[in-house]
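[1] Structural data only, the sequence is not supplied:
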């Protein structure tokens, strides 16, 4: 029922009430804002009554009247008893409540039917009628409403499934971020259809608030525009400034927050500005796409065609809204056509990628072989185990700052005579000697589930993740290997080598340090420092293997490991006391065998010494030293005990040996 209706601005008339002071005519549909003189409602805020007589056939029949949304609230009178309303219309903002839900009513009539439509608006910048009422037989009106609702649901379902399809593409090819953003675009657009047009969402939740409906109508446009920009950037990287898109995204987020805070009456006043901004942004994007097409980017021509369709559809919808015509959904149709274009682009890109993969298959296989060999080479510098602990598959994936904290055992091994040998050999022989020694050390570590983290001159720093027993076994095998090496050295007239090994377990931090052009793996923790300090004590005690007692107690087969408690020490750089033990290798030499035989006597003297029972301790240490004159630790304790007997000790005696110096 489009056309001119009797119009009574700022008056409330009901059916049969003909008292009116300012009768005029106003077109339906039409906004008061667009005709401020004839509507007498220049800012669109207020209320008015429309009246129209409809001529009907003379035969009495049953009719259905459907009134679509009128932006805020309305009440329609057909007779004094028959009417329908959406929201609560009123003459004041406090007495009215808006709604966007259309309503229908049935009535039996003949000859003529008088429509009295009361419309109020106090909540939106636009007041008036957006769509004309409909009248017809029940089948015709219901068929019309059902057809429109079905189209909306069909579009929603199709666009939603298209969005899910793009998410599946992104799931399997997560580098195709354009698929992710276009999937989001589709889902948001599908939801928007439910909140606009025929307002299908009311079929699901009739009580949905009017403010939320308006928010979804405006906010979805901003979100869609941003997602489309991200989609285009993903499809044609570097042709749209990332900083520009980020700036627009930030502005959009700001407006969404603003829409949530402000009432629709305020932010809808800027609808014209939003529309102009959208058209300018869309035009700039169109210009950029034309540039892409001129540069010959793959699929840019097809995408440009689809975008022109989409641009035209949205422009027509914006223009119809600006002219206050009935709400159109041309953009829905053009978007559906654009989906076909996007599908074609995906198909073409997939085909091109398949062709490239086919052509590059042999070259890839060759490159892969080279890559494997290169990785094997790099693993000589950064161990494979280190990469595993950092959660990396390849050395190419590491970066500065990668780290992992875990419980590990640290082993330090070093030659006591290294610098004496180095400086007694020619320069060219020094590296050969060092590699000859280290080449015998490494296999003993790897064969016991450890790996060498780094070489420090002749010193080796190794890590074990499988328990203290692996490190102890590796240390024993190193000592045996060194004995074999010494047999050869003695046969060639060289001095034998003695290696001291220090072991400690605890929390370690593994990571990548350095700078962008030079990186290396390392382990940083007190565990590493203490293991190094313990190794440094091996030469002082002439001990092959020293280990912190707390770490040794974690050994799964401790009863079968010959060891003796050696000392309570405070090593350099540490304030805490550390109890160290000497792991003894049975059968490797007579000194070690005698240490094993004298274990109980030595440890008994150690405990007497700790309790300041120096007479008893001295007797025990002298007995050990007499039986095993090469037991350096026993000689050290004899001297300490004799000194303490002559000098005396204070009440703060704790028996700790301070190796700070």
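    Perfect, thanks for sending it. Given the structure is predicted, the values throughout are model-derived calculations rather than measurements.
[2] For the rest of this, base every contact and every neighbour count on C-alpha atoms.
    Noted.
[3] Give me the spatial nearest neighbour of residue 615, chain neighbours excluded.
    residue 645 (7.7 Å; C-alpha to C-alpha, 6 or more residues apart in numbering).
[4] Output the lowest mean pLDDT helix or strand found in this protein.
    Every helix and strand of the chain was ranked by mean pLDDT, DSSP states H and E. The lowest is helix 361-378, at a mean of 55.
[5] picking up where we left off before, the residue nearest to residue 615: what secondary structure?
    helix (DSSP: H, G, I helix; E, B strand; the rest coil).
[6] i'd like the first residue to be 8 from this point on
    Sure, I'll start numbering at 8, so the last one becomes residue 652.
[7] where's it relative to residue 452, distance?
    45 Å (C-alpha to C-alpha, to the nearest Å).
[8] now do residue 597
    26 Å.
[9] Compare these two (neighbour count), which wins?
    Each of residue 597 and residue 452 has its neighbours counted (other C-alpha atoms under 10 Å); residue 452 has more, 23 against 12.
[10] residues contacting the more buried one?
    Contacts for residue 452 (C-alpha atoms under 8 Å, 6 or more residues apart in numbering) come out as 458-459, 469, 478, 481.
[11] again, but for residue 623
    Here residue 623 is in contact with 612, 615 (C-alpha under 8 Å, 6+ apart).
[12] Tell me if it really is in a helix.
    Yes: looking at residue 623 with three-state DSSP, it is inside a helix.
[13] Would you mark the buried spots in stretch 606-620?
    Counting neighbours by 16 or more other C-alpha atoms under 10 Å, one finds that the buried residues in stretch 606-620 are 606, 608-610, 612-617, 619.
[14] oh, I was asking about stretch 477-493
    477-479, 481-487, 489-490, 492-493.
[15] now, which of those sits nearest residue 592?
    Taking C-alpha to C-alpha as the measure, residue 592 sits nearest to residue 483 out of the buried residues of stretch 477-493, at 6.5 Å.
[16] Tell me which helix or strand comes right after the longest strand along the chain.
    The longest strand of the chain (DSSP state E) is strand 506-522. Following strand 506-522 in sequence order, the next helix or strand is strand 525-531 (DSSP states H and E).
[17] Residue 516 - how many residues pack around it?
    17.
[18] which residues touch it?
    Residue 516 makes contacts with 410-413, 530-532, as judged by C-alpha under 8 Å, 6+ apart.
[19] tell me which strands and helices the helix or strand containing residue 155 is in contact with?
    According to DSSP H and E, residue 155 maps onto helix 145-179. Here helix 145-179 touches strand 68-74, helix 184-202, helix 337-366, going by 3 or more C-alpha pairs under 8 Å, 6 or more residues apart in numbering; DSSP states H and E.
[20] Just name the most buried of the ones you listed.
    For these, average neighbour numbers computed from mean count of other C-alpha atoms under 10 Å are highest in helix 184-202, which has a mean of 23.
[21] Minimum distance to residue 540: which of the helices and strands packed on helix 145-179 has it?
    Across those, residue 540 has its closest neighbour in helix 184-202 (52.4 Å, C-alpha to C-alpha).
[22] Between helix 337-366 and the closest one, find me the angle.
    160 degrees (axes from the mean of the first three to the mean of the last three C-alpha atoms, to 10 degrees).
[23] Now the helix or strand just after helix 184-202: buried residues?
    Next in sequence after helix 184-202, counting helices and strands by DSSP H and E, comes helix 217-242. By 16+ other C-alpha under 10 Å, the buried positions in helix 217-242 come out as 217-218, 220-242.
[24] Next: stretch 285-296.
    Applying 16+ other C-alpha under 10 Å to stretch 285-296 flags 285-286, 289, 292-293, 296 as buried.
[25] Would you format the residues you listed as TSV with pLDDT, secondary structure and distance to residue 122 included?
    Shown next, in TSV, are these (pLDDT from 0 to 100; DSSP: H, G, I helix; E, B strand; the rest coil; distance: C-alpha to C-alpha, whole Å):
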residue	pLDDT	secondary structure	distance to residue 122
285	79	helix	39
286	79	helix	39
289	82	helix	43
292	84	helix	48
293	84	helix	47
296	84	helix	51
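[26] Export these as JSON lines, with columns for distance to residue 637.
    Formatted as JSON lines, these follow (distance: C-alpha to C-alpha, whole Å):
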{"residue": "285", "distance to residue 637": "92"}
{"residue": "286", "distance to residue 637": "94"}
{"residue": "289", "distance to residue 637": "91"}
{"residue": "292", "distance to residue 637": "88"}
{"residue": "293", "distance to residue 637": "91"}
{"residue": "296", "distance to residue 637": "87"}
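[27] Out of those residues, flag the one nearest to residue 578.
    residue 292 (69.6 Å).
[28] just checking, residue 638 touches residue 630?
    No: counting by C-alpha atoms under 8 Å, residue 638 sits too far from residue 630 to count as a contact (11.1 Å).
[29] Identify the residue spatially nearest to residue 164, adjacent ones excluded.
    residue 197 (7.3 Å).
[30] if I look at that neighbour, how far off is residue 187?
    From residue 197 to residue 187 the distance is 15 Å (C-alpha to C-alpha).
[31] So what's the gap between stretch 544-551 and the chain middle?
    Counting by C-alpha atoms, centre = their mean, to the nearest Å, stretch 544-551 is centred 51 Å from the centre of its parent chain.
[32] Domain boundaries for the chain, per the record?
    Listed by automatic domain parsing, the domain ranges of the chain are 10-143, 149-364, 392-665.
[33] least reliable of those going by mean pLDDT?
    Ranked by mean pLDDT, the domains of the chain end with domain 149-364 at the bottom, a mean of 81.
[34] Who are the packing partners of whichever helix or strand residue 281 is part of?
    Assigned by DSSP H and E, residue 281 belongs to helix 278-301. Applying 3+ C-alpha pairs under 8 Å, 6+ apart, one finds that helix 278-301 makes contact with helix 307-329.
[35] Check which residues of the helix it packs on are buried.
    Neighbour-count burial for helix 307-329 flags 307-308, 310-311, 313-318, 320-322, 324-325, 328 (criterion: 16+ other C-alpha under 10 Å).
[36] And for stretch 538-551?
    Buried residues in stretch 538-551 (16+ other C-alpha under 10 Å): 538-546, 548-551.
[37] Adding secondary structure and distance to residue 427, write these out as a markdown table.
    Listed next are the buried residues of stretch 538-551 as a markdown table, based on DSSP: H, G, I helix; E, B strand; the rest coil; distance: C-alpha to C-alpha, whole Å:
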| residue | secondary structure | distance to residue 427 |
| --- | --- | --- |
| 538 | helix | 24 |
| 539 | helix | 21 |
| 540 | helix | 21 |
| 541 | helix | 22 |
| 542 | helix | 19 |
| 543 | helix | 17 |
| 544 | helix | 19 |
| 545 | helix | 17 |
| 546 | helix | 14 |
| 548 | helix | 19 |
| 549 | coil | 17 |
| 550 | coil | 19 |
| 551 | coil | 19 |
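[38] Among those, which one lies nearest to residue 263?
    Nearest to residue 263, judged by C-alpha to C-alpha, of these is residue 538 at 58.7 Å.
[39] surely the closest one meets residue 420?
    No: applying C-alpha under 8 Å as the test, residue 538 and residue 420 come out as separate, 9.8 Å apart.
[40] Need the residues touching each of the two.
    residue 509.
[41] other SSEs contacting the helix or strand residue 476 falls within?
    If you go by DSSP H and E, residue 476 is part of helix 475-498. Helix 475-498 sits against strand 410-422, helix 434-453, strand 506-522, with contacts defined as 3+ C-alpha pairs under 8 Å, 6+ apart.
[42] Turn these into JSON lines, columns for distance to residue 63.
    Listed next are the helices and strands packed on helix 475-498 as JSON lines, based on distance: least, C-alpha to C-alpha, whole Å:
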{"stretch": "strand 410-422", "distance to residue 63": "84"}
{"stretch": "helix 434-453", "distance to residue 63": "100"}
{"stretch": "strand 506-522", "distance to residue 63": "87"}
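[43] picking up where we left off before, and the angle from the helix holding residue 155 to helix 337-366?
    Angle, helix 145-179 to helix 337-366, by the same axes, to 10 degrees: 30 degrees.
[44] Tell me how far helix 145-179 lies from the chain's centre.
    For helix 145-179, the distance to the chain centre is 32 Å (C-alpha atoms, centre = their mean).
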